[in-house]
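Predicted model follows, preceded by the sequence.
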Amino acid sequence: MLTGMQLAITAGALLGLGVVFLLWRLAPADPDLGQALERLSPRATTGDSGEASTTATDSRARLGRWGMKTLPAGTWGKAPVKELALLRIPLSRFYGEKILFALLGLTIPPLFGLMLATIGLGLPIILPVGASLACAVAFFFLPDYNARDDAKKARVEFNWALGAYIELVALERNSGSGPRQAMELAADVGDSWVFRRLGEELARTRWSGVTPWEALHSLGDQLGLPELDDFADIMRLSGEEGAQIYTSLRARSAGMRAAMLNAEKAKANESSERMSIPMSALGVIFLAILVAPSLLRLVEGS
């Protein structure tokens, strides 16, 4: 049962929180100019239109749009824009996930305190309140970590597929296809999300007036993929200067595969080293068990 002092503290905290939210709501909004221009850009418009059907009924996107209109721009911090663009996650859905995670963090400590109260282990009211605020802040930034981790895996997958794509473009160029035709035919071969993404960018260049290598260069900057930038530079030399790029493409593809293979070997070596630590500790414990009786007898005999 709550004492009179605890009830007074709880009521005061709720009243103060209500006043803070009211002042926050009445405060003039401070829009982020960079995010506003990004939403108004043609690329952002075309990207959102393709996902309108999937996000219209998404409660996370609706909650995120409400948060973007209601909460100050500085509340969100720096969003992982390149990671979200690579994963094709709308900014509204990302902000909605942050709000949901924060609400989840707010509810966990009070529920835990209620469970303790039912078995007679009451806690001071300040502990659940402080734990709720700490969990809300920690959970609020959890989607940022998830987006960066998923984007890191997606970039590895993209580079593997890009190596195969570059090989296909080299073969098409060697068979006499032009730069644009070679890139489009190679993109039609694969059915993974990487090939579809490249095919969409190449198809958009037919009516946008942008050359294919300029479009891929912009895509590489947008998604944070330097390997795609290098490939776009090679294709620009072929399209604008008529250079023979078959050897350059094959060398670039081989270099990417070698770099990714070395990265996988380094990751495997790190895993092997981590596995050797428990085995070494187990060996030390086993030796201690064998030696302990002899040492005890020596100590008792002396």
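All right, it came through fine. Numbers count the residues shown, from 1 in each chain.

burial of Phe101, as a residue count?
19 (other Cβ atoms under 10 Å). For every residue, glycine as well, the C-beta is placed using N, CA and C.

Now do the same contact list for it.
Phe139, Phe140, Leu142, Pro143 (Cβ atoms under 8 Å, 6 or more residues apart in numbering).

any idea which helix or strand carries Leu111?
In this structure, Leu111 is located in helix 91-118 according to DSSP states H and E.

Just the buried residues out of the contacts of Phe101, in ChimeraX syntax.
To isolate the buried members of those in ChimeraX, using 16 or more other Cβ atoms under 10 Å:
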select :139,140,143
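
Read off the pLDDT value for Ala136.
For Ala136, the pLDDT comes out at 85.

swap in the one 3 residues further on?
Listed pLDDT for Phe139 reads 89.

Equivalent analysis for Gly47, please.
41.

Please tell me how far Ile126 sits from Gly120.
19 Å (Cβ to Cβ, to the nearest Å).

quick one, which of these two is more surrounded?
Shown here are Ile126 and Gly120; by other Cβ under 10 Å, Ile126 has more neighbours (11 against 6).

What is the distance between stretch 244-263 and the centre of its chain?
Centroid separation for stretch 244-263 versus its chain: 27 Å, with Cα atoms, centre = their mean, to the nearest Å.

Kindly report the domain assignment for the chain.
Under the assignment automatic domain parsing, the domains of the chain span 61-140, 151-256.

Show the end-to-end separation of the shortest one, please.
Same thing as domain 61-140. In domain 61-140, first residue to last residue: 16 Å (Cα to Cα, to the nearest Å).

can you give me how far that domain is from the chain middle?
With Cα atoms, centre = their mean, you get 17 Å for domain 61-140.

Mind naming the longest helix for this protein?
The helix spanning the most residues in the chain, taking DSSP state H as the definition, is helix 246-301.

just checking, what packs against that one?
helix 142-174, helix 226-241 (3 or more Cβ pairs under 8 Å, 6 or more residues apart in numbering; DSSP states H and E).

Quick check: buried residues in the first one?
Taking 16+ other Cβ under 10 Å as the neighbour-count basis, helix 142-174 is seen to contain the buried residues 143-144, 146-147, 151, 154-155, 158-159, 161-173.

one step back: identify whichever of the domains of the chain lies nearest to Met275.
Met275 lies closest to domain 151-256 among the domains of the chain, at 21.9 Å (Cβ to Cβ).

Check the model's average confidence along the closest one for me.
Across domain 151-256, pLDDT averages out at 86.
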